[in-house]
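Enquirer: The following comprises the amino acid sequence and a computationally predicted model.
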Amino acid sequence: MKDELLRQIKDEVLNLKESPLYQERKKNAVFPVIGEGNHDCRIMFIGEAPGKNEAATGRPFCGAAGRILDELLASAGIERNDVYITNIVKDRPPFNRDPLPEEIKTYGPFLDRQINIIQPHVIATLGRFSMEYIMRKFNLQDELQPISKIHGLMFPARAEYGSVKIIPLYHPAVAIYDNSTKDTLKNDFQVLKSI
């Protein structure tokens, strides 16, 4: 049942001609990135938008940031196959720019459906855009602060299917530009290990 519902989302995104990024996808002959992983996972990771490698393959977090994510998962004793990984925005913004508000608004409902289908116990956001979107979605806007203040903290929330924990995390790409942040990321991932 979950597989079929998630396949419907994939089909809808593939045909999402009204998306501001649809023409970019066609022009560059790349793929949307719907998500990948265990449909019965306890932990769902949500990034912001696909990068170049992700759009070329249709797989989330398969480039340099993906290698760091794999390392962080391993540091917490978590198998990548045991989690589900997706983004808010399913198509790559040109030149890896930040997703625009209208792009988040276009793709957000697909993410909302993915969350309700998969029903994770924990949602770990990767980066400030996904942190803000998810915290607002789960009525945690009063807790919103810069990611530098709340990364690695756990916020209990209610989903349509029951209780869920929201954990804002830095995007793994920060360690590409500043290797000294990797220890902070590893410490934050220990929170997931404890769950």
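Expert: Sure thing, it's come through.

Enquirer: Skipping adjacent residues, who's closest to the spatially most central residue of the chain in space?
Expert: Centroid check for the chain by C-alpha atoms, centre = their mean gives Ile46 as the closest residue, at 1.5 Å. Spatial nearest neighbour of Ile46, chain neighbours left out: Ser130 (4.5 Å); criterion: C-beta to C-beta, 6 or more residues apart in numbering. For every residue, glycine as well, the C-beta is placed using N, CA and C.

Enquirer: Show the contacting residues for Glu24.
Expert: 91-94 (C-beta atoms under 8 Å, 6 or more residues apart in numbering).

Enquirer: Narrow those to those that are buried.
Expert: 91-93 (16 or more other C-beta atoms under 10 Å).

Enquirer: could you pull out the helices for this protein?
Expert: For the chain, the helices defined by DSSP state H cover 2-14, 22-28, 52-57, 64-75, 101-118, 128-137, 147-150, 174-177, 182-194.

Enquirer: To Pro168, which of those lies closest?
Expert: helix 128-137 (4.1 Å; C-beta to C-beta).

Enquirer: which ones are touching the residue lying closest to Ile134 once chain neighbours are set aside?
Expert: Leaving aside its sequence neighbours, Ile134 sits nearest to Thr125 (C-beta to C-beta, 6+ apart; 5.1 Å). By C-beta under 8 Å, 6+ apart, the residues touching Thr125 are 45-46, 131, 133-135, 166-169.

Enquirer: Who is Thr125 paired with across the strands?
Expert: Assessed by DSSP bridges, Thr125 has beta-bridge partners Ile46, Pro168.

Enquirer: how many neighbours does Ile78 have?
Expert: Residues within reach of Ile78, counting by other C-beta atoms under 10 Å, total 19.

Enquirer: correct me, but it touches Leu192?
Expert: Yes - at 6.3 Å, Ile78 counts as touching Leu192 under the criterion of C-beta atoms under 8 Å.

Enquirer: who touches both of those two?
Expert: By the contact definition C-beta under 8 Å, 6+ apart, Ile78 and Leu192 are jointly contacted by Ile43.

Enquirer: rewinding a little: and the residue nearest to Ile46, how many neighbours does it have?
Expert: Ser130 has 28 neighbours, counted by other C-beta under 10 Å.

Enquirer: How about Ala173?
Expert: Ala173 has 22 neighbours, counted by other C-beta under 10 Å.

Enquirer: how close does the closest residue to Gly152 other than its chain neighbours sit to Leu6?
Expert: Spatial nearest neighbour of Gly152, excluding adjacent residues (C-beta to C-beta, 6+ apart): Asp188 at 3.6 Å. Distance, Asp188 to Leu6, using C-beta to C-beta, to the nearest Å: 28 Å.

Enquirer: that older thread, and the helices of the chain as CSV, adding mean pLDDT and distance to Thr86?
Expert: Shown next, in CSV, are those (pLDDT from 0 to 100; distance: least, C-beta to C-beta, whole Å):
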stretch, mean pLDDT, distance to Thr86
helix 2-14, 97, 10
helix 22-28, 90, 17
helix 52-57, 95, 11
helix 64-75, 96, 13
helix 101-118, 97, 6
helix 128-137, 97, 9
helix 147-150, 96, 19
helix 174-177, 88, 19
helix 182-194, 92, 16
